[in-house]
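S.K.: what's the 3D shape of this:
(2 chains)
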Amino acid sequence: MARTSRNHLAARALLAATATFAVPALGQDGDHLPPDLTGEEMSQRRQHWAWQPLLDAPPPDGVDTHPVDAFLRARLHQVGAALSPAAPPDVQLRRLWFDLVGLPPPPDATQRFCAEPSDEAWRAEVDRLLASPHYGERQARHWLDLVRYSETLGHEFDYELPNAWRYRDYVVRALNDDVPFDQFVREHLAGDLLPAPRRDAAGNDESVIATGAFWFVEQAHSPLDVLQHEADRLDNQLDTIGKAVLGVTLGCARCHDHKFDAIPARDYYGLLGFLQGSRYVQAPLRPWPADSATFRAALQAQRALAAAAGLAAPADDGAAPDDGVTLRERDRVVATAARPDDGWFVTNDGFGDRPWRGPLCLDQAPAAPDSAAQLRALPGAFWCSAVAGVAREGTLHSRSFAVDERYLHVRAAGRESRIKVIVDGFYLPRDPIYGELHRVLADGEPRWLTFDLGAWRGHRAFVMAIDQRAPDLGDPGRDRKRYADDGWVAVQSIVLSPHAAPPPTAAPPPALALDLAAPTIAAALAHLHERQRAWPVSPTVPALADGTGRDGFVHVRGNPHRAGAPAPRRFLSAIAGAATLREAAGDGCGRLALADAVLDDDDPLPARVCVNRIWHHLFGRGLVRSVDNLGALGDQPTHPELLDWLARQLREHGWSQKHVLRLIVTSAAYRQDSRRGPADVDVDPENVLLHRQNVRPLEAEVLRDALLAVAGHLDPTMGGPSIEQPREAIAEARGAPKQYGPADGGGRRSIYLAVRRNFPHPMLLAFDQPTPFACVGARNRSNVPAQALTMSNDAFVRARAEELATLVCAAAPAAPARIDALYRRCFARAPSDAELQRCLGFVGEHDDAAAFADLAHALLGTTGFRFLR
Amino acid sequence: MTTPGDDRRAPTRRELLRHAANGFAMLPLAHLLGGRNGGDGTQLRHHPARARSVIFLYMDGGPSAQDLFDYKPRLAREHGEPFALPMEPTQFDDNGATMGPVARFAQRGESGQWISDLLPHLCTAADKLCFVRSMVAEFSEHTNANYFLHTGHGLQGRPSMGAWIGYGLGAEADDLPAYVVLNGGLIPPGGVDNFHSGFLPAHCQGSRFAMRGEPLANLRPLGDPARQRARLQLGADLDRLSLAERGDDPALEAAIHNAELAFRMQSAVPELMHLDGESPRLRQLYGLDDDYEHTRTFARQCLLARRLVERGVRFVELTCPDTGSDRWDQHANLERGLRRNCRTVDRPITALLADLDARGLLDETIVLFGGEFGRTPFAQGNDGRDHNPFGFTMWMAGGGFRGGCSHGETDEYGYKVVADPVSIHDLHATILWQLGIDHERFTYRFGGRDLRLTDVFGKVQRDLLC
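M.R.: Coordinates of the predicted model:
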C-alpha cells in the first residue's frame, strides 16, 4: 500500500452506489430459500449415533478390576487378541510425565518409581503429577489448539490482539484448578454474562476471560465488503465452537442444510444470532464497583471540589435531565445521556453506572497533580469516563441501529480517546476506506463529530467511545502500545440525520481553571486525588460483551447479501428441538441461554467430545478418531460403550477432567507396552482395538520444553506476557513484530512463546504446531527433513546439548558414569551394555571437551528422545 | 483420491528391510521417502501427464496488464479524460482519469502477440507464450487475493497449489522437497501461509530457500562435517540398538531415514545453489552479472528454478526481490515501478524459457507468470493504478500450453473481461490437468468434507492446450 486515500467522499459514494454491497431487506430472497430438512429426512439423520443419549452400559464382567480395561479386553477377546504386558517401568513413567505435565521425568523421580513400580507407587505418581502446576501448562496447549489461540489478527498487518496472553494463563489456571468442564464451557460461551462469575483469590473475574477465545480470529484491515467480512468472521467463530465443544461441523450448514448431518441451515443462522448480538471489548478483571462506598466517595469528592470552586451541582430534583440539543425535522436520536436507559452499554468503571451532570475535574493523572487542573461540563447530562478520575478507563457503546440516514452526529469531548462507528461488526476502521468511521479526540473541547455514513446506508452500526490503555484493535502504532493514563471521553448525544450540519446546541460552559493557590480548592483537589487512588485500575482482557439482541436470517447460499427466511436464535434442533431461545435472551444477545442449552442434560455432545479428546492425547488416537467431527462423515467410535461410560464418569464426577485422566492412566491399557506383536499382523493391524500402546512423537512444544529440561535450562516461571522471537527469526514482511526476545526464549516453556499468526515460531512450526486458523484437535504428525535438520544443526538444540554435557561431566568424573547420567536424564533409564559400549567408543574416539557435547547432541536427536514409546 | 486427514503412510517394515540403508549417504531412498518429501507414496495420475513440473513466477502485488500485455488503443486515446465506464469500488478510493499505457506496444513474433516495450527480452519469446487476457479473481485486496490465487480460497488455512501438486505427485528428487519457494526477498501479504500445506500433511508445505545467507534454516552442519557425520552415525546406531531391544515401529523407522534425507540435503542444497558450473554464456543470458542488483537476484532464482525442475522438484515458486517499488503494487509512480520490476524479471525469465527449451525441459515444465489481480485502467491519484480483479492477464509457457496463443478479451479499456473469462479455479484445474490430474477427483478429506484445490468450481481450459 503506497499511500492513503484523499477521496473519501468519492469512495463512499461508490460503495453506496454498488448494489452488490448493499444489505438485503429481510426475506427479500425468500423464493430462493434452501429447502429446510424435512421431518422424515431429519429424523432419519437424527438416528446417527452421536445424537443419541449417552449409553449406560456397565463395564463387562470379567477378571478386570479396572473398568477401562474391562471394556477394551471384551472387544479384544472377540478377535482373539489381548492387551500387551505392561511396558517397562521407565517407559511407563516417561509416558506418564510427558502426557500429564509435558516434561521428562527427572532422575530422582525415575529412581523413586523404578525401584518399586507398584500400583500404589503409580497412583502416587499420577496424583503428584495431576497436582503439579505444570499439568495445566501441558494440558492448556491442547485446548489452545482447539480455540486457534493467537495473539495477533493476521491478514496484511497482523495486528495484535491486546492482552491475549491473559487468556492463555486463564486456561492454565482453569486446568490446574480442575474447573468443572461444564463451567469452563459456560465461561467460554457466556463468561461475561454470568450472574456470579468465578473469581480468583484477589477478586479478579476469571469467567470473563474465557470469552476472549472468540477473538482469535482473522480480521482484515480494509475489506471492501464489511458484511461479507463479518459473515466470514462469524463463520470462523461458530465453526470453532461447533468443533471444539460439540464435535460437529457447523460450517457445512452455512450455504445449505448440512449434506449429511441433522443440521439445517436454520440451525447455523439461529446460532449465528447469538454472536451477531455480541461485541468486542477489553473487559476489566476487577472494576471498581460503582455501587461501592469508595466509588461513591470519589464522586462526592468531585462534587466537593466543584463546590469549593464555587460551582454548584445541578439540583437533583428528579426531573429528566436534558442534553441541550435542539432537534430539527427528521433528526432522530439514537441515544442520549439524558435517557440513561437508551440502550447504552459501558465497560469498566470509568463511566460509573449512570450519566453525570455538572462539572468534573479533568486534570492530569493524580501522579502529576499540579498541571492544568480544570473543571469542565457539558450542558445537561453526559456520559464521561472520568467521573471517578481521569485515570479510570472504559468504553461506552450505543445500541445497534440501522443506518437509514446519511449523517450521524455525535456530541462528544475527550482527550487521548477515540470514537468509532462500528459497521457490521468491523472493529478496525482505518484508512484507506474506513478512516471516516474513526475519530481521535485530543483537546478536551466538546464538539459535534459528524460521520457521513452514506456508503453504509442500510447496514447496522453502533457507536463506540473508547478510553482505555490497551491499544485499539488495528492501531497503526501497535504492539503493546499504551494510551495515556489520563485520557478521558465524554458523550452526550447521538443523532441520525439527513442534515450534514449537526443540530443546534446550547453553548458549553467554558472550562474553569482551578486556583490551586486557594487552600480550600487545593485541599478539595488533594482529597479527590486521594479518593481516586483508592482502587487500582484493572487490567483488561479481550472479551465478548452483550450487544443489542436481534435474530438474523438465513443467508441464501451463504451469501450475506441475500436474505432468506428469518432464523430465530436457537441451539441445534437435533438436540433441543426447534424452539427459539429468543425469549430467554431478553434484549441481549442470549448467550447465557445458549450455554444452558449446550450444557443441558439432554445434550450428550460436550461430555463425549471432551473425554474423546482426553483419550486421543493419551493413546494418540481418539475412541472416535475424528476428534473434531462426530458427525456422519466422521469416524465411528471403536468402543461406543466405553466412550459413553467415560462421558458419564465426567458428568457424574463434577465434570472433572482430572478424574477422567486419572481413570485412564491407571488402566493397564494405558500402561501396556507399545511393542508390536502378532495382532499387528492379522487381527488388529492398525491397532484400532488398542492391543498395545501407540508410539507417539513429542509435540513441538513438548520437545522444546524437554530440551530445556534435560539441559537444566528450564525457567519454571509461570504466566505473563509472551516471549517474542529473536530478531533473526523474523522474516522481513508486513506486520513483523516490533519487539524481539532472547534466542533461547528465556528458557521459558513453549506455551509462553508469542503466537503470531503471520510469524510462526520456526522450530515449533517444523514440528507441526498448527497455524491458528481453525480448530485442530488432532495435530499433523509430519516427518520432514526440517525436523532432522533442526535436531542436528539448530543452535538452540546445540546449546542445550552443551549444557547437558556440562551438567553430567560436572557430576561424574568417569565416562561410564557420565553416559549413565545422560541416559537417565534423556530417556529415564540406564544404557544397555551395548549402548554403553557404543557411547564409550565414541567418546574415546573423540577424546576432547566436545566429545560429551557431541554425545549429548546425538542422544537428543535419537527417536528415543523425540518419541514416546 | 481420498485420504483421511491424519493418515500418513509410513514405509512398511518389508520395504525398509528391502532397502535397508546402513548408515549415512549410502543409498538413495526416494522410493522410501515418497511419504516425506512430498506425496503420500502414491504417484497419482488420472490420465497421461503432459507436464511433470511447474515454475510459478509469482508477480506479487498485481502487475498492470494495460502497460505490459493488454493493448487497448482506446485507453491510450482517452488518456487524461474522465473514465467512461462505471467504476467498481477500489481499495484506495482515489480514482482519477483514464490512464493510457506508459510504454509503447507492438506486435511481437510470428504470432503477433502484443507486448509492450517494457519487456524487450520477453518480446523475443512471444511465440512461446500462451496469453490469457481474461483472468478474473474474486478479491481486490492483497491478502485474500493471494490466498485465493495460491489456495483457491480467499481465507487463510488452505493448502497451496504447490502443496496439492506435491501431495498428489510426490517428488522425483531423492534429496529435495517436492515444493520449493525461491524467496527473492519479499513475503507476500498473507505471509508464509501462501505456501502452506493447510490440512494436507505438513511435509507438503513449500520449503523456502532464501537467496541471501543460508538458503534453508539449519542446513549448514554445525562444526566439522566429519564430526557431524560421526555424531549422526552414533545417533543412528543407538537408534538401531534401541529398536532392536525395545521393538520397532514405522514412525521411528521413518524418522531415522528422514535424518538421512536431511543429511543428504545438507550437500544437495548447497550443490544446487552453487552456480559456478554454469557456462559464462548462460550466466550472461540470465543476467547473473547484471548491473542491476535485483536482476542478479531474480536471475539466480530463475536459474535455480531450472536446476530444481531438472532435479525432479514438482513445484517451484519464485517471489519477487524488493526493488523499492512495493512489488508490482503501483498505487503511484506507475512508470518508475514498472520499469524497475520489468528490468528485474525481463532478462532472467526470457533466459529461463530459452534454457528450458534448449534442454528439452520446456515441454514438460509449465511456466506460469502472473499476480493476484490486475490494475485499474483509470488512475489512482495522478500516476498510479489501483487493484482490479475484474480483468487481467497471465501467461503460461511450455508444459503443453499453446505458444503464441491469445485467449480471452477485456473491454476497450482493459478493465473487465468481455469474452472467455478464466477464473483462478479454471487456471488451477488446467494446470492439474496437464500434470495428469483431474481436479474433480483430486480430493482430501478434512473437517467432514472432501476438499479440492478448485472447491466446487473450475473448468479445464482446453483452448489453451496444444
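S.K.: For the stretch 301-450 of chain A, what lies in contact range of chain B?
M.R.: With CB under 8 Å from any CB of the partner chain as the criterion, the stretch 301-450 of chain A meets chain B at residues A:432-433. Yep, even glycine has a C-beta here, placed from its N, CA and C like the rest.
S.K.: Look up phi and psi at the closest residue to chain B within the stretch 301-450 of chain A.
M.R.: Going by CB to the nearest CB, chain B is nearest to A:Pro432 of the stretch 301-450 of chain A, at 4.8 Å. Per-residue torsions, A:Pro432: phi -80, psi -30 (degrees, to the nearest 10).
S.K.: give me the number of residues near it?
M.R.: A:Pro432 has 23 neighbouring residues, counting by other CB atoms under 10 Å in any protein chain shown.
S.K.: Strands along the stretch 51-200 of chain B, start to end?
M.R.: Here the stretch 51-200 of chain B has its strands, by DSSP state E, counting those that start in this stretch, at B:53-58, B:95-98, B:105-108, B:113-116, B:129-136, B:179-183.
S.K.: Just send those strands back as TSV, with distance to chain A, mean pLDDT and mean neighbour count too.
M.R.: As requested, the strands of the stretch 51-200 of chain B are exported to TSV (distance: least, CB to the nearest CB, whole Å; pLDDT from 0 to 100; neighbours: other CB atoms under 10 Å in any protein chain shown):
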stretch	distance to chain A	mean pLDDT	mean neighbour count
strand B:53-58	15	98	26
strand B:95-98	6	92	19
strand B:105-108	25	97	16
strand B:113-116	22	96	23
strand B:129-136	15	98	26
strand B:179-183	9	93	27
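S.K.: which stretch among these comes nearest A:Ala490?
M.R.: strand B:95-98 (38.2 Å; CB to CB).
S.K.: Partner strands of that closest one, with direction?
M.R.: Partner strands and pairing direction for strand B:95-98 (DSSP bridges) are strand B:374-380 (antiparallel).
S.K.: The following helix or strand past the partner strand - contacts with which helices or strands?
M.R.: Next in sequence after strand B:374-380, counting helices and strands by DSSP states H and E, comes strand B:384-388. For strand B:384-388, the packing partners by 3 or more CB pairs under 8 Å, 6 or more residues apart in numbering or on different chains; DSSP states H and E come out as strand B:374-380.
S.K.: relative to strand B:384-388, how tilted is the strand it packs on?
M.R.: 140 degrees (axes from the mean of the first three to the mean of the last three CA atoms, to 10 degrees).
S.K.: who's in contact with strand B:374-380?
M.R.: Residues outside strand B:374-380 that contact it (CB atoms under 8 Å, 6 or more residues apart in numbering or on different chains): B:62-66, B:72, B:75, B:83, B:87, B:90, B:92, B:94-99, B:135, B:330-332, B:385-389, B:391-393, B:413-415.
S.K.: show me where the stretch 201-350 of chain B has strands.
M.R.: Going by DSSP E, counting those that start in this stretch, the stretch 201-350 of chain B shows strands at B:207-210, B:315-318.
S.K.: Can I get the ones you listed in CSV including mean neighbour count?
M.R.: CSV is the format used below for the strands of the stretch 201-350 of chain B (neighbours: other CB atoms under 10 Å in any protein chain shown):
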stretch, mean neighbour count
strand B:207-210, 21
strand B:315-318, 28
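S.K.: Among those, which comes closest to chain A?
M.R.: strand B:207-210 (7.3 Å).
S.K.: looking at the strands of the stretch 51-200 of chain B, which is closest to A:Tyr149?
M.R.: The closest of these to A:Tyr149 is strand B:179-183. By CB to CB, the value is 26.8 Å.
S.K.: which strands and helices sit next to the strand or helix carrying A:Glu137?
M.R.: Assigned by DSSP H and E, A:Glu137 belongs to helix A:133-146. Secondary-structure packing of helix A:133-146 (3+ CB pairs under 8 Å, 6+ apart): helix A:89-100, helix A:165-176, helix A:605-619.
S.K.: re the thing from before, could the strands of the stretch 51-200 of chain B be laid out in CSV, adding distance to A:Leu396?
M.R.: Shown next, in CSV, are the strands of the stretch 51-200 of chain B (distance: least, CB to CB, whole Å):
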stretch, distance to A:Leu396
strand B:53-58, 46
strand B:95-98, 36
strand B:105-108, 58
strand B:113-116, 56
strand B:129-136, 44
strand B:179-183, 47
